[in-house]
Structure formats: C-alpha cells, structure tokens
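Colleague: need a structure here:
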Amino acid sequence: MNPQRQEDTIDRLIKVADNLEPEIKSFFISYPHFLEYFENLPDKEIKIENLIIGISFTYSWMPTILKNINIQNKSEILRIFK
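Modeller: Numbering: from 1, shown residues only. Okay, the predicted model is just below:
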C-alpha cells in the first residue's frame, strides 16, 4: 500500500472512531455488566468458576483466549482474590 493511501485509511479509521457514541463502544456496553456480575455474587464470595469467568471476560477483549493454566491449588488462588 502506498504511503498516501495508508495515511488516508488511517485518517478514515480515526474519523469513524471519533464519531462513535460512547454508549455503543463495546467497552462501555460490557464493562458495567462485568462489574455487576461480581457485585452480585452470593455472599461476595469468589469461587473458582467465578474466577475463570472473570478471566474469560478479560480475554474477550483481547485477540486470544485463556490458555491452559494450572489451578491445582484453587484455595490459594481464591485466597489471593479475597
């Protein structure tokens, strides 16, 4: 791609991004629901399944997925998050 065409493409993308309403940006739509999920946990207790869901929330914003992690010591992991 020639430099001028590349610059035009970048300028168009910036213009589109600048004109997006905050309400329709995915971060602004999803983030409050993520917070609400954890705020509404029974007894505010985070269990291992909640931790996995939370990690998956985070990775849903990234171009990757949760890798195989070692969760052998679940009680220690959960203790850290309390």
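Colleague: report the longest helix in the protein, please.
Modeller: helix 3-19 (DSSP state H).
Colleague: Grab the CA positions of it and hand them over as PDB.
Modeller: Taking C-alpha atoms only, helix 3-19 is exported to PDB below (Å, rounded to 0.1, in the frame of the first residue of the first chain):
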ATOM      1  CA  PRO A   3       2.100   5.800   2.000                       C
ATOM      2  CA  GLN A   4      -0.700   8.300   0.900                       C
ATOM      3  CA  ARG A   5      -3.300   5.600   0.700                       C
ATOM      4  CA  GLN A   6      -2.200   4.200   4.000                       C
ATOM      5  CA  GLU A   7      -2.500   7.600   5.600                       C
ATOM      6  CA  ASP A   8      -5.900   8.100   4.100                       C
ATOM      7  CA  THR A   9      -7.100   4.800   5.500                       C
ATOM      8  CA  ILE A  10      -5.800   5.700   9.000                       C
ATOM      9  CA  ASP A  11      -7.500   9.100   8.800                       C
ATOM     10  CA  ARG A  12     -10.800   7.500   7.800                       C
ATOM     11  CA  LEU A  13     -10.500   5.000  10.700                       C
ATOM     12  CA  ILE A  14      -9.700   7.800  13.200                       C
ATOM     13  CA  LYS A  15     -12.700   9.800  11.900                       C
ATOM     14  CA  VAL A  16     -15.000   6.800  12.400                       C
ATOM     15  CA  ALA A  17     -13.700   6.100  15.900                       C
ATOM     16  CA  ASP A  18     -14.100   9.700  16.900                       C
ATOM     17  CA  ASN A  19     -17.700   9.700  15.800                       C
END
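Colleague: Now the worst-scoring helix or strand of the chain on mean pLDDT: buried residues?
Modeller: Least confident helix or strand of the chain, by mean pLDDT, DSSP states H and E, is helix 74-80 with a mean of 74. Of the residues in helix 74-80, those buried by neighbour count under the rule 16 or more other C-beta atoms under 10 Å are residue 78. Just so you know, the C-beta spots here come from the backbone N, C-alpha and C atoms, and that holds for glycine as well.
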